[in-house]
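task: produce atomic coordinates for the following.
(4 chains)
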Protein chains: 2
Amino acid sequence: MVTRKEVADLAGVSEATVSRVFNGLGPMKPTTKERVLQAAKQLNYHPNAIAQSFARRRSGNLGVVLPYMPKVHLFSTYYFAEILSGIGEQVREQGYDMLLTLLTPEDSADYIRLFRSQKVDACVILGSRDTPGQRESLQRLQEEKLPFCLVNQHFAGMELSEVDADHVQGSCMAVRHLQEAGYRRIAFLNGSPEYSNSMDRLKGYCQAMNDAGLEVSPQLLFEGNYSRKSGYEAAAKLWEQRDEVEAVFAANDRMAIGLMQGLRERGWTAGRDLAVVGCDDSDAAKLSDPPLTSVSVPFYEMGKAAARRVLGQVLDGESGKSFQVKLPTQLIVRQSSLRNHE
Amino acid sequence: MVTRKEVADLAGVSEATVSRVFNGLGPMKPTTKERVLQAAKQLNYHPNAIAQSFARRRSGNLGVVLPYMPKVHLFSTYYFAEILSGIGEQVREQGYDMLLTLLTPEDSADYIRLFRSQKVDACVILGSRDTPGQRESLQRLQEEKLPFCLVNQHFAGMELSEVDADHVQGSCMAVRHLQEAGYRRIAFLNGSPEYSNSMDRLKGYCQAMNDAGLEVSPQLLFEGNYSRKSGYEAAAKLWEQRDEVEAVFAANDRMAIGLMQGLRERGWTAGRDLAVVGCDDSDAAKLSDPPLTSVSVPFYEMGKAAARRVLGQVLDGESGKSFQVKLPTQLIVRQSSLRNHE
DNA sequence: TTGTATGCGTTATCAT
DNA sequence: ATGATAACGCATACAA
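Modelled structure (predicted):
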């Protein structure tokens, strides 16, 4: 490995001067600069980033914590992919790299290790669940005033830095849309309540139902796990009480699509025999048959905003105060929720 | 920051002993070990990973190089997502983290910088294109004997380490499948020729056509850019010569689906009025209407294999010799390629 | 404008 | 079984 010293020797200057040249610091004679660059080029010198990180006590990496689930192809989950794309865009703009860490729920105490280890300057946490252990880990991060931020989730009563979407509003819109189309017996297929999104969507559903003077009957509530399969299975249960249901709002697109597939096998087509609305407005919503009405969530922007803010705290010395951002959602109407479209 | 020194002082031992305890090296008295761990816990000490990397000259990170394209939500691309998931699985098993870097084609000379900077111990390169600049950069990496590996692409005549899929075979199978279904006038919608996959698929298409004694007429060849939109646009061109075409093989699912959507607007349904086969067997293939017959590619396994091998070179001192792996593909038959399915 | 000197927190080698 | 100490490659405060 070529070091600064060798460059300094060849150029006939001190090591400090080489550093100055490479960091563009302080005034320097153009000829000296030229000599140094010349020597560096000749030796094929490249500063050692690890040594730089070590000396500067800054890594140039933004940590991204993802939940590890065996057998799950994590990156293929629409919202993770979109959030990561947004983070990627932002870190690129700031010359940072992304350090991805996959943590199981049991590893989660390791948030601290991530920072302590100095491998990252700031971090963004995705897909953590609301459990006592998680809350404790996050609380500790908070207490140590480390620059971190949650994306697409909210821990009630904790004042953590978060960039979330207004899932209550989105769900409310979705259900209202169904009501305006004339449906009254609207079921709700939710995901695991460990995610704040699920609770928010339930809240939005209830709110819209109540506002319309409709009862939230327990038999209208279904629960899956956000997989297509669980939506498919929900179709069976729903089928048993098909006379009581005119429409379904599902907490994500995958479940909505699984549901539609399950119903189709029984002869029911969404948009004709019942109305279906999903959440995420993923690519799948555009491709499904019929195209799925869905609540669009600005995941990309959320990832980008989260990265911008935590890096801002590090680089521009922005306030370390926790922040809460909540971006609006939007309803994209397609055929699955229209009456008699075919 | 709590350092080893403070722990040593509190435990009444030397710094070296603290290191030994934390690295589990050499023999040591259990009581000493206990005292050190106790002190560390009390002070909330965590070894500084940057300092460790610096001293060990090893980062514990696997670099992943991705192409940066403005406005493209990179991680949402099915095959990147799958490959990344596979890499993620493997690095987790080895206790490594993934360092993601987004490079534009112009940045590509920076492959070297990645290693020189010591931020990564090995790296995996995704989505690079076959251009003179790329070849030169990769050549240099090769010359420096740095442990790296390409995934899902092949640079003819270079003997680089690669984990690829047998796209020639996959395409050949797809076209044969169409031929066996009785189609003879089979069009091919390819993506950009800058990707080796595209060339491989063309080769497979031609091979199957020739084997069947069919002519590869230029008017049967279409080119898109792997986006759904480009498939949609291809539908218009294809429509003009609809009397000459019975079936279409598309180089990825997105284009195949765009094509089907474009044709449907003109009244043609895949699986009824013509047959369509895609590539990747992405989620979209299962969701589309009709479900899309597609060539399944083991992206996840490819990512995992690539990570395993480059990390093996680093950790287990495996041979640094370049390796070429080519995994088989599989044809998944669904309704889009069946005749008169509805 | 440039050089000198110190420190960053480890690992690893050599003593004891 | 444990301690002392020299690297590791750079940033940076201070001196010249």
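
could you identify the helix or strand that succeeds whichever strand or helix holds A:Cys149?
Following DSSP states H and E, the helix or strand that holds A:Cys149 is strand A:148-151. Following strand A:148-151 in sequence order, the next helix or strand is strand A:162-165 (DSSP H and E).

ok so, going back, touching chain B at all, the strand holding A:Cys149?
No - no part of strand A:148-151 sits close enough to chain B to count as contact by C-beta under 8 Å from any C-beta of the partner chain; the gap is at least 13.7 Å. Where you see a C-beta, it was placed from the backbone N, CA and C, and this is true even at glycine.

residue ranges with poor pLDDT in the stretch 1-150 of chain A?
In the predicted model of the stretch 1-150 of chain A, residues A:108-109 satisfy pLDDT under 70.

quick check: residues of it near DNA strand C?
Counting by C-beta under 7 Å from any atom of the strand, the stretch 1-150 of chain A comes close to DNA strand C at A:12-17, A:20, A:26-29, A:31-33, A:54-55, A:57.

strands of chain A, start to end?
With DSSP state E, the ranges of strands along chain A come out as A:61-67, A:97-103, A:122-126, A:148-151, A:162-165, A:186-190, A:221-223, A:247-250, A:275-280, A:293-296, A:324-327, A:330-332.

turn these into a markdown table, including mean neighbour count.
A markdown table is the format used below for the strands of chain A (neighbours: other C-beta atoms under 10 Å in any protein chain shown):
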| stretch | mean neighbour count |
| --- | --- |
| strand A:61-67 | 24 |
| strand A:97-103 | 23 |
| strand A:122-126 | 26 |
| strand A:148-151 | 25 |
| strand A:162-165 | 24 |
| strand A:186-190 | 25 |
| strand A:221-223 | 18 |
| strand A:247-250 | 30 |
| strand A:275-280 | 29 |
| strand A:293-296 | 26 |
| strand A:324-327 | 14 |
| strand A:330-332 | 16 |
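
would you map the helices across the stretch 201-342 of chain A?
Secondary structure of the stretch 201-342 of chain A (DSSP state H, counting those that start in this stretch): helices located at A:228-240, A:253-265, A:283-287, A:299-315.

on that earlier part again, can you put the strands of chain A in CSV and add distance to B:Gly127?
Converted to CSV, these look like this (distance: least, C-beta to C-beta, whole Å):
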stretch, distance to B:Gly127
strand A:61-67, 19
strand A:97-103, 16
strand A:122-126, 23
strand A:148-151, 25
strand A:162-165, 28
strand A:186-190, 36
strand A:221-223, 39
strand A:247-250, 33
strand A:275-280, 25
strand A:293-296, 27
strand A:324-327, 29
strand A:330-332, 29
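
out of those, which gets nearest to A:Gly317?
Nearest to A:Gly317 among the strands of chain A is strand A:122-126 (12.6 Å), distances taken as C-beta to C-beta.

taking the stretch 201-342 of chain A, what residue is nearest to DNA strand D?
A:Leu315 (13.2 Å; C-beta to the nearest atom of the strand).

count of neighbours near the residue nearest to that residue when sequence neighbours are not counted?
Ranked by C-beta to C-beta, 6 or more residues apart in numbering or on different chains and with sequence neighbours excluded, the top spatial neighbour of A:Leu315 is A:Gln94, at 6.9 Å. A total of 14 residues lie near A:Gln94 under the criterion other C-beta atoms under 10 Å in any protein chain shown.

against DNA strand D, how distant is A:Gln94?
17 Å (C-beta to the nearest atom of the strand, to the nearest Å).

give me the neighbour count for the residue nearest to A:Gln118 when sequence neighbours are not counted.
In this structure, A:Gln118 finds its nearest non-sequential neighbour in B:Ile50, 4.2 Å apart by C-beta to C-beta, 6+ apart. By other C-beta under 10 Å, the residues close to B:Ile50 number 23.

one more: A:Leu146?
Neighbour tally, A:Leu146, other C-beta under 10 Å: 20.

any figure for the gap between the closest residue to DNA strand C within the stretch 1-150 of chain A and DNA strand D?
Residue nearest to DNA strand C within the stretch 1-150 of chain A (C-beta to the nearest atom of the strand): A:Pro27, separated by 2.5 Å. Distance of A:Pro27 to DNA strand D, computed by C-beta to the nearest atom of the strand: 10 Å.

re the thing from before, ok, the residue nearest to A:Gln118 - contacts?
A:Ile50, A:Ser53, A:Phe54, A:Arg57, A:Ser59, A:Ser117, A:Gln118, A:Lys119 (C-beta atoms under 8 Å, 6 or more residues apart in numbering or on different chains).

quick one: contacts for the residue nearest the centre of chain A?
Centroid check for chain A by C-alpha atoms, centre = their mean gives A:Ile83 as the closest residue, at 4.2 Å. Contact analysis of A:Ile83 by C-beta under 8 Å, 6+ apart lists A:Leu126, A:Val151, A:Asn152, A:Phe299, A:Tyr300, A:Met302, A:Gly303, A:Ala306.

neighbours around the fifth one, how many?
Okay, so that is A:Tyr300. Neighbours of A:Tyr300 using other C-beta under 10 Å come to 21.

measure A:Leu323 to A:Gly133 for me?
Just to correct that, residue A:323 is Phe rather than Leu. Going from A:Phe323 to A:Gly133 by C-beta to C-beta, to the nearest Å gives 24 Å.

looking at those two, which is more packed in?
Legend: neighbour count by other C-beta under 10 Å for A:Phe323 and A:Gly133, higher for A:Phe323 (18 against 13).

not counting sequence-adjacent ones, nearest residue to the more buried one?
Nearest-residue entry for A:Phe323: A:Ser161, 5.2 Å, with adjacent residues in sequence omitted and distances by C-beta to C-beta, 6+ apart.

indicate which one of the helices of the stretch 201-342 of chain A is closest to DNA strand C.
helix A:299-315 (17.3 Å).

may I see the buried residues of the closest one?
Within helix A:299-315, the residues that qualify as buried are A:299-311, A:313-314, counting by 16 or more other C-beta atoms under 10 Å in any protein chain shown.

what of stretch A:215-226?
Residues A:Leu220, A:Phe222, A:Glu223, A:Gly224, A:Tyr226 are the ones in stretch A:215-226 that count as buried (16+ other C-beta under 10 Å).

so which of the buried residues of helix A:299-315 also contact chain B?
Contacts with chain B within the buried residues of helix A:299-315, counted by C-beta under 8 Å from any C-beta: A:Tyr300.

out of the buried residues of helix A:299-315, the closest to B:Leu338 would be?
A:Phe299 (36.2 Å).

not counting its neighbours along the chain, what's nearest the closest one?
A:Phe299 sits nearest to A:Glu82 (C-beta to C-beta, 6+ apart), 3.6 Å away.

tell me the contacts of the one you found?
A:Phe299, A:Tyr300, A:Gly303, B:His73, B:Phe75, B:Ser76 are the contacts of A:Glu82 under C-beta under 8 Å, 6+ apart.

give me every residue in the stretch 151-300 of chain A lying close to chain B.
Taking C-beta under 8 Å from any C-beta, the part of the stretch 151-300 of chain A that reaches chain B is made up of A:Ile257, A:Asp283, A:Ala284, A:Leu287, A:Ser288, A:Asp289, A:Tyr300.

most widely separated two among those?
Based on C-beta to C-beta, the longest span within those runs between A:Asp289 and A:Tyr300 and measures 25.8 Å.
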